[in-house]
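S.K.: Build me a model from this:
(2 chains)
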Amino acid sequence: AQSVAQPEDQVNVAEGNPLTVKCTYSVSGNPYLFWYVQYPNRGLQFLLKYITGDNLVKGSYGFEAEFNKSQTSFHLKKPSALVSDSALYFCAVRDIMFSGGYNKLIFGAGTRLAVHP
Amino acid sequence: NAGVTQTPKFQVLKTGQSMTLQCAQDMNHNSMYWYRQDPGMGLRLIYYSASEGTTDKGEVPNGYNVSRLNKREFSLRLESAAPSQTSVYFCASSPREGGGNTIYFGEGSWLTVV
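M.R.: I've put the predicted structure just below:
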């Protein structure tokens, strides 16, 4: 069954330190992977996606993510965190081998990132 | 360029009342979606419309109906609201269904059913 897991409900990091938000996935074929960010009382904003090619994907606001096929992971990273990065982050996966109708995007439960001054 | 616009942003309903959430996108996207977001559960798909003229059920369609009015607009209707439908609702769109297409979200509609 297709699934995505975000093992941490919350991540705390000091401003200026590097941050990592973890995501692992399980699909039957090769995955398309996405990261979204949600600020309080706002909709989800697209950060980046992995489709194919280079395992390191660069996205908006200085974020990047590394696709690791052997570990089935797609962790979100940023070299230097800002207080304004504090938000809820969602990982999502789509299975490109799925052939049963709608090619559904499956979301993780979300990880709350808190960046402290 | 407004992207995905949904209304209303906040609504309180009494159990049994009906209401329609409106959604429009100006990106000329073919596919549109309605999701609900509940704490600790991520986003779950209610209904989707792969293209104008088609609608299909997602993961949690019970208690909802949808209408793809034209390419731009996709509405969600609660015929008889229940407290279990208290949630945040997001409309979204993408160039087409599936693949590596990015889904773009509206700002959300906070619905409380009392």
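
S.K.: If I look at residue A:98, what pLDDT would I see?
M.R.: With respect to pLDDT, residue A:98 scores 56.

S.K.: Same question for residue B:50.
M.R.: Residue B:50 carries a pLDDT score of 87 in this model.

S.K.: burial count for the closest residue to it other than its chain neighbours?
M.R.: Once flanking residues are discounted, residue B:50 sits nearest to residue B:97: 4.3 Å by Cβ to Cβ, 6 or more residues apart in numbering or on different chains. Any C-beta I mention is one placed from the backbone N, CA and C, and that applies to glycine too. A count of nearby residues for residue B:97, using other Cβ atoms under 10 Å in any protein chain shown, gives 22.

S.K.: Please apply the same query to residue B:59.
M.R.: Counted with other Cβ under 10 Å, the burial measure for residue B:59 works out to 14 neighbours.

S.K.: ok, now which ones touch residue 24?
M.R.: Went with chain A since none was named. When the contact criterion is Cβ atoms under 8 Å, 6 or more residues apart in numbering or on different chains, the partners of residue A:24 are A:4-5, A:7, A:71-74.

S.K.: wrong chain, I was asking about chain B
M.R.: Taking Cβ under 8 Å, 6+ apart as the criterion, residue B:24 is in contact with B:4-6, B:72-74.

S.K.: do that again at 7 Å, thanks
M.R.: Listed by Cβ atoms under 7 Å, 6 or more residues apart in numbering or on different chains, the contact set of residue B:24 reads B:5, B:72-73.
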